[in-house]
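Visitor: What follows is a predicted protein model with its sequence.
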Amino acid sequence: MFQSLLNLKYSWQQSSKEDINNKELVDAAISILGFSIKNLPSEKKKEIIQQIYSRTIWFTYRKNFPQILNSQQTSDAGWGCMLRSGQMIWAQILRVHIRQKKQHSKDYQYKLLCAFSDDDDDEHKKMFTDNFKLCLSPYSIQKIEAISQIKFSMKPCQWYRPDQILNALSLLHQQKQLEGSEDLEITISDSLLYDRLYSEMYGLKMDCEHIVNEIKQDKNKEISKICNICQKKDPKALAIFFITRIGLDEINKEYLPFLNDLIDLPQFQGIIGGRDDKAYYILGRVNKRLIYLDPHYIQEHINRGNVVMLKDTFFCKDVKYINEEQMSPSIALGFYCQNQSELDKFFNSIEQIKKNYDNEKTFGYISRITPNSYIIGFDENDILVIKEDEI
């Protein structure tokens, strides 16, 4: 009864759910998870939005799972919404990456859902042993909480910022890759720098002078042959997370047209952000209204033993919208580039978009090369060491 009242409370608080009428869809700019929907009747547009939305993995608050490390908590209700939103955007990128492989396993979706499921007792025991690579739920809430406490000194069950949940997921991905994601690299930054993205894709050190010099010489040059001198690794796909603020205490409306253009890119895979300390996973937009999945709903815990039986609890049918001006300014945008060709298209598109705006109407630093500095390498803590140019 108490949980039902809580869910009623969350539903009432999230009453921004609005339906889109056919008239609004006639000439609407519609983008959702890299798909642009246009030149179709309004009913068909609405149908496609519904199809994509209802097939996107949805994570919500859960209850009655094994306790969080250093806590008595067995539910994340009230504090885990950014954590669940981070799980959603990472699950979406994993899904896209694995599905585009010609030989992906037929049960990939089951394995993907298991990867984010709550720990059962057996899985819980593997967390602090040498058996971590045998875990079937590397992105469970228990493991996210544990690595956040150990690596980032976070307190148990505290609210996450976008960068905190993404860094936790990145560390877990380094320790255990889901089958089919071994060739997927995560990059998290508050800037978009082509030389860094290229280096991440090919596993190159950022102090490679051949990369920097070639890009400086010709910004439009195909750079696939830059590092024949270096021992270049096979390229990996990139999950690019762009951490930014689009305002101080509230959103700067002048940034919104630029944000909408980024949402319209084919590489776009969502935003984690929200409003009033409530985090959402934003999938796209219809004009100035954002399409989002809402984690503020309490459901029974799921582990690998009951995933199949409770599979429907991972998907939501009721499409929700929020006016973009209601968002909180702290957000993280996610993009996926399968290969260098996609990375080139992605960066060229962003450069073209940026030309349409004055600098004060864009956010984040976007450049082909790391500016006014050069990267010496990494210190013993794997932190980039950057030396400023002398003037």
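Guide: Looks like it came in fine.
Visitor: so what's the closest residue to G34 other than its chain neighbours up against?
Guide: Nearest-residue entry for G34: P266, 4.8 Å, with adjacent residues in sequence omitted and distances by CB to CB, 6 or more residues apart in numbering. In this view, the C-beta of every residue, glycine as well, is placed from N, C-alpha and C. Listed by CB atoms under 8 Å, 6 or more residues apart in numbering, the contact partners of P266 are G34, F35, S36, K345.
Visitor: and P266, which of the three is it?
Guide: Recorded secondary structure, P266: coil (DSSP: H, G, I helix; E, B strand; the rest coil).
Visitor: which stretches of this structure have low pLDDT?
Guide: 1-19, 21-23, 103, 121, 124-133, 205-232, 371-391 (pLDDT under 70).
Visitor: end-to-end on stretch 187-201?
Guide: 9 Å (CA to CA, to the nearest Å).
Visitor: buried ones in it?
Guide: Along stretch 187-201, these residues count as buried under the neighbour rule (16 or more other CB atoms under 10 Å): 187-189, 192-201.
Visitor: Could you provide those in JSON lines, with additional columns for distance to P329 and secondary structure?
Guide: As requested, the buried residues of stretch 187-201 are exported to JSON lines (distance: CB to CB, whole Å; DSSP: H, G, I helix; E, B strand; the rest coil):
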{"residue": "T187", "distance to P329": "22", "secondary structure": "strand"}
{"residue": "I188", "distance to P329": "18", "secondary structure": "strand"}
{"residue": "S189", "distance to P329": "18", "secondary structure": "strand"}
{"residue": "L192", "distance to P329": "18", "secondary structure": "strand"}
{"residue": "L193", "distance to P329": "22", "secondary structure": "strand"}
{"residue": "Y194", "distance to P329": "26", "secondary structure": "helix"}
{"residue": "D195", "distance to P329": "28", "secondary structure": "helix"}
{"residue": "R196", "distance to P329": "24", "secondary structure": "helix"}
{"residue": "L197", "distance to P329": "24", "secondary structure": "helix"}
{"residue": "Y198", "distance to P329": "30", "secondary structure": "helix"}
{"residue": "S199", "distance to P329": "30", "secondary structure": "helix"}
{"residue": "E200", "distance to P329": "27", "secondary structure": "helix"}
{"residue": "M201", "distance to P329": "30", "secondary structure": "helix"}
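Visitor: Go through the residues you listed and say which is closest to D276.
Guide: Compare each of the buried residues of stretch 187-201 with D276 using CB to CB and the shortest gap goes to I188, at 24.9 Å.
Visitor: how many neighbours does the residue lying closest to the closest one once chain neighbours are set aside have?
Guide: Spatial nearest neighbour of I188, chain neighbours left out: F241 (4.5 Å); criterion: CB to CB, 6+ apart. Neighbourhood size, F241 [other CB atoms under 10 Å]: 26.
Visitor: Distance of A239 relative to Q269?
Guide: 8 Å (CB to CB, to the nearest Å).
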